[in-house]
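Trainee: this is the structure alone, sequence omitted:
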């Protein structure tokens, strides 16, 4: 049985986009798993992995950290159904993964960071505020007040995703890790924020509803 | 013989990234072609295509406009070597193509627009200035003065491309239209600007040198 070390907020809420990527992967591959909740400041719980970030999985004594490395590992141990089903698809998924981490998350982060804060366990709030305000270069309250300024950048990113998915079932035609990766991001935002993702992106909304139906997550 | 309607600047300089995409495609597929130079304001030369933008190709009475549509058309008429060599790769290339058009060009445009202006045929300069200043929301001179402000966004985009290509020969492992698409962009920038693309992106530089060697363009 796979054990997944999973970020947890207040009231046992699970919202990390990277952990949701891994949960979507395990679900898609029909790999049973249990989760070990880890708060932002419980780095000691991850010491066995030699680093301090979730997701981490443990299976029969093997430890793998980082959502991309976990996808590579599970593709080897549980090849079917494949998340890299064809020549060049793994590389294309890796590019998509980097795009989501950089371009998509960069556009989302200032818009949702104050919403995340509201769902962080009270014990972790000081850590979260300090680290995120440093990354933002402003206070959480200043970021919340500037939402209207940040939104056009997000709209542009969503328009590109919408243009890609229009007329297709999945981002690369067939279901790949690219879909599971972006699923994690959408699950994150819809879990902790009311920021609208799909109002201007109907094809992306239809994809999201299909993915939720398919994964039942 | 394919005829390519190709953007031309002063002194017969060819710099359009979209036309270079098509030239890279025709070269990669060993399709012989001649070019018909078209200045920015010579929209009448393209009237036969039912629209006003280059690239346009004409082959045995067939007319195809738009670099992506041209790639799809040539893949059908000249399947080998394939630029979409595998299941899902065409969709992945389309995503990459949209990423280059939006994210990469958006980061580049304000940094190189004044350099493009310097290479535009004098006859087209008023048109170019008016249309580009409207897009920029500032004058060309103001954009040139703000280069240092625009550069971090470009550095972030180049870092993502560099991370993707590091340890690989091509963006999706094997040569696909994604490489030809980004080749067009690099050819554009290196033709008209001294803006450094590769100083902070050594793996991207190595890819660029391999592509130039391979295509001899």
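Mentor: Arrived safely, thanks for sending. What you see is a predicted model, and the numbers here were worked out from it, not measured in a lab.
Trainee: state the mean pLDDT of stretch A:86-97.
Mentor: For stretch A:86-97, mean pLDDT is 97.
Trainee: report the buried residues of that stretch.
Mentor: A:86-97 (16 or more other CB atoms under 10 Å in any protein chain shown). For the C-beta atoms, the positions are set from N, CA and C on the backbone; glycine is no exception.
Trainee: restricted to helices, list those residues.
Mentor: Of the buried residues of stretch A:86-97, the ones assigned to helices by DSSP state H are A:89-97.
Trainee: how does chain A divide into domains?
Mentor: Under the assignment automatic domain parsing, the domains of chain A span A:2-77, A:89-215.
Trainee: looking at those, which is closest to chain B?
Mentor: Chain B lies closest to domain A:89-215 among those, at 3.6 Å (CB to the nearest CB).
Trainee: can you give me the end-to-end span of that closest one?
Mentor: Using CA to CA, to the nearest Å, the end-to-end distance of domain A:89-215 comes to 21 Å.
Trainee: do that domain and chain B meet at all?
Mentor: Yes. Domain A:89-215 is in contact with chain B by CB under 8 Å from any CB of the partner chain, via A:89-92, A:94-96, A:98-99, A:102-103, A:106, A:156, A:160, A:163-164, A:168, A:170-174, A:176, A:178.
Trainee: give me the buried subset of those residues.
Mentor: Among those, those classed as buried by 16+ other CB under 10 Å are A:89-92, A:94-96, A:98-99, A:102-103, A:160, A:163-164, A:170-174, A:176, A:178.
Trainee: wait, residue A:45 sits on residue A:5?
Mentor: Yes. Counting by CB atoms under 8 Å, residue A:5 is a contact partner of residue A:45 at 6.8 Å.
Trainee: between the two, which has more neighbouring residues?
Mentor: Taking other CB atoms under 10 Å in any protein chain shown, residue A:45 and residue A:5 do not tie; residue A:5 has more neighbours (24 against 16).
Trainee: so which bits of the longest helix seen in chain A are buried?
Mentor: Secondary structure of chain A read by DSSP H shows that its longest helix is helix A:147-165. Under the neighbour-count criterion of 16+ other CB under 10 Å, helix A:147-165 has A:150, A:154, A:157-158, A:160-165 buried.
Trainee: repeat that for stretch A:131-143.
Mentor: A:132-133, A:136, A:138, A:140, A:143.
Trainee: can you put the residues you listed in JSON lines and add pLDDT?
Mentor: Listed next are the buried residues of stretch A:131-143 as JSON lines, based on pLDDT from 0 to 100:
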{"residue": "A:132", "pLDDT": "97"}
{"residue": "A:133", "pLDDT": "97"}
{"residue": "A:136", "pLDDT": "95"}
{"residue": "A:138", "pLDDT": "97"}
{"residue": "A:140", "pLDDT": "97"}
{"residue": "A:143", "pLDDT": "96"}
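Trainee: which pair of these spans the longest distance?
Mentor: Largest separation among those by CB to CB: A:132 and A:138, giving 9.9 Å.
Trainee: got the contact list for the closest residue to residue A:125 other than its chain neighbours?
Mentor: What sits nearest to residue A:125 in space, not counting adjacent residues and going by CB to CB, 6 or more residues apart in numbering or on different chains, is residue A:117, at 6.8 Å. The neighbours of residue A:117, taking CB atoms under 8 Å, 6 or more residues apart in numbering or on different chains as the test, are A:125, A:128-129, A:132, A:140.
Trainee: please redo it, this time with the cut-off set to 7 Å
Mentor: A:125, A:128-129, A:140 (CB atoms under 7 Å, 6 or more residues apart in numbering or on different chains).
Trainee: now, of the residues you listed, which are buried?
Mentor: Judged by 16+ other CB under 10 Å, buried ones among these: A:125, A:128, A:140.
Trainee: wait, isn't the second one in contact with residue A:41?
Mentor: No. Under the criterion of CB atoms under 7 Å, residue A:128 makes no contact with residue A:41, lying 8.8 Å away.
Trainee: endpoint to endpoint, stretch A:76-86 covers what distance?
Mentor: Stretch A:76-86: ends 14 Å apart by CA to CA.
Trainee: now stretch A:70-90
Mentor: Per CA to CA, the first residue of stretch A:70-90 is 13 Å away from its last.
Trainee: ok, back up a step: overlap in contacts, residue A:45 and residue A:5.
Mentor: Common contact partners of residue A:45 and residue A:5 (CB under 7 Å, 6+ apart): residue A:38.
Trainee: picking up where we left off before, any chance of the buried residues of stretch A:131-143 in CSV, plus secondary structure?
Mentor: Shown next, in CSV, are the buried residues of stretch A:131-143 (DSSP: H, G, I helix; E, B strand; the rest coil):
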residue, secondary structure
A:132, helix
A:133, helix
A:136, helix
A:138, coil
A:140, helix
A:143, helix
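Trainee: go through these and name the one nearest residue B:34.
Mentor: Among those, and counting by CB to CB, the member closest to residue B:34 is residue A:136, at 53.8 Å.
Trainee: name the nearest residue to residue A:10, sequence neighbours excluded.
Mentor: residue A:121 (4.8 Å).
Trainee: check contacts around the one you found.
Mentor: With CB under 7 Å, 6+ apart, residue A:121 has these contacts: A:9-10, A:39.
Trainee: residue A:209: neighbour count?
Mentor: Neighbours of residue A:209 (other CB under 10 Å): 11.
Trainee: tell me the SS of residue A:212?
Mentor: Here residue A:212 is helix, with the state taken from three-state DSSP.
Trainee: run a quick neighbour tally on it.
Mentor: Neighbourhood size, residue A:212 [other CB under 10 Å]: 14.
Trainee: where do the strands sit along chain A?
Mentor: Counting by DSSP state E, chain A has strands at residues A:2-7, A:33-38, A:56-59, A:62-65.
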